[in-house]
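Engineer: Give me the fold of what follows.
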Amino acid sequence: MAKRQSGTGDRKPTILSILKPYKALVSLLILLTLAGNGINLIIPKIISKGIDSFNGGHYIVNTISIEFITASLAIFFFSYLQSLVQTYVSEKVARDLRKKLSDKIAGPLFFHY
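Structural biologist: This is a model prediction of the structure:
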């Protein structure tokens, strides 16, 4: 029985090794996710501010409304950008994986002279 040599060709790829060439895009995706979720944390603060000002008798509708709408638009913006980047990265990774697989399968079939 022949022993297998442990070389780089024997290792199975991990998700991190697959995504390594796309570090910049994945980092951008993580930053957009953090930004969108960070703004999501502001919404309860705006609501509590509105409740406190209403209970205090100095409720100003315009200020609370503008803050809420601004936060909502920012959340929408970051979520939309996140969706675009996520779709782009996933399509690019899938295309490259298909190409590598196709090259690996077709490689032995073609003879180079």
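
Engineer: measure Lys20 to Thr14 for me?
Structural biologist: Lys20 sits 10 Å away from Thr14 when distances are taken as CB to CB, to the nearest Å. (C-beta placed from N, C-alpha, C; glycine too.)

Engineer: Just list what the helix ranked longest in the chain packs against, helices and strands only.
Structural biologist: Secondary structure assigned by DSSP state H gives helix 61-106 as the longest helix of the chain. In terms of contact count using 3 or more CB pairs under 8 Å, 6 or more residues apart in numbering; DSSP states H and E, helix 61-106 is assigned the packing partners helix 15-19, helix 23-40, helix 42-56.

Engineer: among those helices, which is nearest Asp103?
Structural biologist: Closest to Asp103 of these is helix 15-19 (CB to CB; 15.5 Å).

Engineer: contacting residues around the closest one?
Structural biologist: Val26, Val93, Leu97 (CB atoms under 8 Å, 6 or more residues apart in numbering).

Engineer: so who does the last one touch?
Structural biologist: When contacts are counted by CB under 8 Å, 6+ apart, Leu97 is found next to Ile18.

Engineer: since we're on Thr70, how many residues are nearby?
Structural biologist: By other CB atoms under 10 Å, the residues close to Thr70 number 13.

Engineer: for Ile39, same thing?
Structural biologist: By other CB under 10 Å, 19 other residues sit near Ile39.

Engineer: same question, Leu32
Structural biologist: Using other CB under 10 Å, Leu32 is surrounded by 20 other residues.

Engineer: Can you give me the distance of it to Tyr22?
Structural biologist: 14 Å.

Engineer: Quick check: the gap between the most centrally placed residue in the chain and Leu84.
Structural biologist: Centroid-nearest residue in the chain: Leu29, 3.4 Å away (criterion: CA atoms, centre = their mean). For Leu29, the distance to Leu84 equals 10 Å [CB to CB].

Engineer: ok, now Ile69?
Structural biologist: Ile69 is 23 Å from Leu84, by CB to CB.

Engineer: again with Thr33
Structural biologist: Distance check for Thr33 against Leu84: by CB to CB, it reads 13 Å.
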